[in-house]
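>>> A predicted structure for the sequence below; I have some questions about it.
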Amino acid sequence: QEYQGQTTGEEVSIAVCIRLRPLNEQEWDGGEGWEWAGDTLTSKHADPEGNRDSWTFPRVFPPAATQEDVYKHVKSVVQSALDGFNGVIFAYGQTSAGKTFTMQGTAAHPGVILRAIRDIFGYVAKNNTREHTVRMSFVELYNEELFDLLIPGNESSKGGSSLQVRENAEQGVYVEGVREEVIAGHQTGVLLQDLRQVLVQINLWPEPIHPAATALLAHGLQKRHIAATQLNRCSSRSHTILRFVLESRSPTAGSAVRCSTLALVDLAGSERAKRLGTRMRFTEGCYINKSLLTLGIVIRKLAEGGSGAHVPYRDARLTRLLQPALGGNAKAAVVCCATPAAEYRDHTQATLKFAQRCTLVKNHVVVNELAVPKAAMLRQYQEENVDLRAQLATLLMRTGGTSATTEAELKATVLQLEKEKASLVSQNELLASNAGEGGRVSSEDIAAVKAREAALRSSMHQVQEQVSAALEQLALRDNEIARLANAVARYQEWEGQLEGVLRAAVTEAMKPKDAEIVRLRRALEAAAAGPMVRSADTERAAPDADSAPQE
């Protein structure tokens with residue numbers, strides 16, 4: 001169930017687990033409608049014949065289970081994404097069943113998303129054998145409209161334009177125009193968070209994790225549609241999809257690139273219409289229920305199997321976005337959240353039926369490795385080269401020129417202060433000698449010189465501290481400039497190599513075509529000359545009109 005030991009091109013099932021939450025205050029009076037033993041759930045309600053529904057799953061988490069327990073069950077999907085497989089993790093269930101708590105969590109109890117971010121960037125920071133690029137996008141599906149949660153500023157998704165879902169042979173299903181933030185770059189084992197300054201700093205984890213990723217996550221969550229309903233004070237009114245694009249390759253130029261995606265999906269919950277309250281909540285609930293109904297139909301069609309059967313992915317945007325994870329090329333895990341309350345026994349039973357069908361869905365997974373994508377790598381290197389040059393120019397402009405000029409100016413200031421200090425020392429010695437010889441030196445003169453000397457010493461101390469700090473900053477900046485310059489040079493070298501390889505490949509590919517063109521030209525020339533030759537031969541071979549006919 002955790003995909004351990006799976007190989008390339010193998011069919012795997014969706015990893016399914018059930019998570020029960022504790023009863024809340026509204027459910028205490030009604031009591032529990034389910035009992036569990038191990039990984040089996042049994043209904044306390046019996047039909048007229050005395051039979052009770054019983055369900056067995058690969059894993060059932062009781063109400064006392066921790067966030068870490070749940071994450072361990074789906075962690076292998078995150079690891080598989082780092083190994084080149086596409087991965088999807090999503091939570092399903094009725095409203096107030098604990099889906100958002102499972103996926104997002106809190107500061108004291110981090111969920112799947114924060115733990116996955118920790119593992120992704122921990123792996124990237126420690127793995128020095130490959131170069132990594134991590135891109136992050138965050139979208140919200142609200143009332144069948146798709147919005148980007150990473151748009152800058154305080155703009156609400158209500159004011160933004162709706163995004164479109166597209167599909168092509170190269171990218172598969174994708175969101176057109178979505179903002180993708182690069183939060184880890186191609187420097188081997190080095191995260192480029194120092195070049196991606198993030199103003200928002202939050203503490204969502206007791207241990208340090210990647211600040212840029214958590215800040216972007218917090219920025220997006222602030223824009224998500226959340227409202228109070230009769231069942232939940234903070235009910236999610238939309239589906240969200242947090243997507244990471246993970247690329248890695250060997251430092252060797254022209255090496256194959258692994259490109260995989262990891263989608264972490266927090267679905268809104270199904271709701272009863274009579275509990276929705278206001279008209280706006282009713283409209284939101286209708287869209288949520290419609291998309292979840294389509295998801296259930298898709299899962300049922302896939303579970304039934306049969307080649308050539310129509311699967312209605314396009315009936316809802318949610319299933320369209322999840323199409324690669326449902327019967328496609330992705331390792332998927334679903335956490336079905338439910339309440340054991342007797343009041344919602346029918347909702348829980350529907351969730352368990354959905355989970356059982358998910359266990360029957362097969363995905364065909366392969367490692368997404370592109371063998372020497374020369375043209376794509378060339379375009380990527382050219383774009384990164386331009387970006388690095390812009391960063392280098394900005395850094396030099398911000399610091400005001402070269403380090404040599406700034407260092408020379410600071411040294412000149414120090415020399416000027418040292419000269420003033422020497423002048424004061426000589427004046428002080430002169431005053432002391434005059435006083436020893438009985439000369440007239442007023443106490444005001446002595447006090448003024450001493451005050452000037454004290455002020456000069458204070459200035460000298462401040463300037464020395466400024467010089468030390470400036471030299472340290474200059475050294476750091478010079479190291480950064482050198483690193484960027486090396487990166488630019490390396491990308492230029494790779495660009496030249498790839499251009500040479502592409503030029504040679506085009507020349508080699510054109511050789512047989514040139515030969516074919518020559519052959520066709522000769523055939524055309526022969527075909528054009530053929531009728532003329534045959535006509536002349538006919539005239540020479542034609543018999544005389546007066547001669548006798550030949551048999």
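Right, received. Where do you want to start? Quick caveat: nothing in here was measured; it's all calculated off a predicted structure.
>>> Give me the residue ranges of the stretch 401-550 of the chain where confidence is low.
Along the stretch 401-550 of the chain, segments meeting pLDDT under 70 span 401-414, 417-418, 420-446, 448-449, 453, 459, 463, 466-467, 530-550.
>>> How much space separates residue 346 from residue 353?
According to Cβ to Cβ, to the nearest Å, residue 346 stands 11 Å off from residue 353. The way it works is simple: take the backbone N, C-alpha and C, and place the C-beta from them, glycine included.
>>> repeat for residue 498
Residue 498 is 53 Å from residue 353, where distance means Cβ to Cβ.
>>> ok, back up a step: settle it for me: which of residue 346 and residue 353 has more neighbours?
A side-by-side neighbour count of residue 346 and residue 353, using other Cβ atoms under 10 Å, places residue 353 first with 16 against 12.
>>> and stretch 17-28, average pLDDT?
Stretch 17-28 carries an average pLDDT of 86.
>>> What residues of that stretch count as buried?
For stretch 17-28, the neighbour count (16 or more other Cβ atoms under 10 Å) marks 17, 18, 19, 20, 21, 23, 27 as buried.
>>> what are the ranges of the helices in the stretch 201-350 of the chain?
211-221, 279-304, 317-321, 345-358 (DSSP state H, counting those that start in this stretch).
>>> Compare those helices and report which one is nearest to residue 504.
Comparing these against residue 504 with Cβ to Cβ, the closest turns out to be helix 211-221 (40.0 Å).
>>> that older thread, so which of the helices of the stretch 201-350 of the chain is nearest residue 88?
Among the helices of the stretch 201-350 of the chain, if distance is taken as Cβ to Cβ, the winner is helix 317-321, at 9.9 Å.
>>> average model confidence for that closest one?
Mean predicted confidence for helix 317-321 is 91.
>>> was I right about residue 69 contacting residue 61?
Yes: in this structure, residue 69 is within contact of residue 61 by Cβ atoms under 8 Å, at 6.1 Å.
>>> Counting neighbours, go ahead and name the busier of the two.
residue 61 (20 against 14).
>>> Quick check: the gap between the spatially closest residue to that one that is not a sequence neighbour and residue 62.
Distances taken as Cβ to Cβ, 6 or more residues apart in numbering put residue 19 closest to residue 61, at 4.4 Å, once the chain neighbours are dropped. Distance of residue 19 to residue 62, computed by Cβ to Cβ: 9 Å.
>>> for residue 512, same thing?
68 Å.
>>> So the two - more neighbours on which side?
Neighbours were counted for residue 512 and for residue 62 using other Cβ under 10 Å; residue 62 has more, 15 against 9.
>>> residues contacting the more buried one?
Residues near residue 62 by Cβ atoms under 8 Å, 6 or more residues apart in numbering: 20, 36.
>>> now the one 4 residues further on
Neighbouring residues of residue 66 by Cβ under 8 Å, 6+ apart: residue 109.
>>> Am I right that the residue nearest to residue 61 is in a strand?
Yes: assigned with DSSP: H, G, I helix; E, B strand; the rest coil, residue 19 falls within a strand.
>>> Make sure it is actually in contact with residue 70.
Yes: Residue 19 is within contact range of residue 70, at 6.1 Å (criterion: Cβ under 8 Å).
>>> and for those two, which residues touch both?
61, 102, 335.
>>> Quick check, pLDDT for the first one.
According to the predicted model, the pLDDT of residue 61 comes to 94.
>>> Please tell me how far it sits from residue 42.
16 Å.
>>> next one: the last one
Using Cβ to Cβ, residue 335 is found at 21 Å from residue 42.
>>> the more surrounded of the two?
Just comparing residue 335 and residue 42: by other Cβ under 10 Å the higher neighbour count belongs to residue 335, 27 against 14.
>>> On the strand side of things, show who that one bridges to.
residue 17, residue 91 (DSSP bridges).
>>> Need the pLDDT of it.
So residue 335 comes in at 95 (pLDDT).
>>> Make sure it is actually in contact with residue 98.
No: using Cβ under 8 Å, residue 335 is not in contact with residue 98; the gap is 9.1 Å.
>>> list the residues that contact both of the two?
Residues within reach of residue 335 and of residue 98 at once, by Cβ under 8 Å, 6+ apart, are residue 19.
>>> quick one: residue 133 and residue 180 touch, right?
No: using Cβ under 8 Å, residue 133 is not in contact with residue 180; the gap is 10.6 Å.
>>> quick one: which of those two has more around it?
Between residue 133 and residue 180, residue 133 has the larger neighbour count (other Cβ under 10 Å), namely 21 against 15.
>>> any idea how far that one lies from residue 111?
Residue 133 is 25 Å from residue 111, by Cβ to Cβ.
>>> Residue 343: how many residues sit nearby?
Other residues near residue 343 number 15, with proximity taken as other Cβ under 10 Å.
>>> Leaving out chain neighbours, which residue sits closest to it?
residue 30 (4.5 Å).
>>> can you tell me which helix in the chain is longest?
Scanning the chain for the longest helix, with DSSP state H as the assignment, gives helix 443-541.
>>> need the shared contacts of residue 19 and residue 70 in CSV with distance to residue 493, can you?
Formatted as CSV, the shared contacts of residue 19 and residue 70 follow (distance: Cβ to Cβ, whole Å):
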residue, distance to residue 493
61, 52
102, 47
335, 47
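>>> Among those residues, which one sits closest to residue 84?
Using Cβ to Cβ, the shared contacts of residue 19 and residue 70 come closest to residue 84 at residue 335, 23.8 Å.
>>> OK, contacts around that closest one?
Per Cβ under 8 Å, 6+ apart, neighbours of residue 335: 17, 19, 70, 73-74, 89-92, 99, 102-103, 112.
>>> Who wins on neighbours among those?
Sorting these by how many neighbours each has (other Cβ under 10 Å) puts residue 89 first, at 29 neighbours.
>>> hang on, that residue packs against residue 76?
No: counting by Cβ under 8 Å, residue 89 does not reach residue 76; the two are 10.4 Å apart.
>>> and the nearest residue to residue 262 once chain neighbours are set aside, what helix or strand is that in?
Computed as Cβ to Cβ, 6+ apart, the closest residue to residue 262 that is not its neighbour in sequence is residue 81, at 4.0 Å. Element membership for residue 81 (DSSP states H and E) is helix 67-82.
>>> quick one: buried residues of that helix?
67, 70-71, 73-82.
>>> Pick the one among these closest to residue 490.
residue 82 (24.2 Å).
>>> Contacts only, for that closest one.
By Cβ under 8 Å, 6+ apart, residue 82 lies in contact with 120, 123, 246, 260.
>>> Which residue, neighbours along the chain excluded, lies closest to the second one?
What that stands for is residue 123. Of all residues not flanking residue 123 in the chain, residue 82 sits nearest, at 5.4 Å (Cβ to Cβ, 6+ apart).
>>> What's the separation between that neighbour and residue 258?
For residue 82, the distance to residue 258 - Cβ to Cβ - is 9 Å.
>>> Need the overlap of contacts for these two.
Joint contacts of residue 82 and residue 258 (Cβ under 8 Å, 6+ apart) are residue 246.
>>> overlap in contacts of residue 133 and residue 180?
residue 245.
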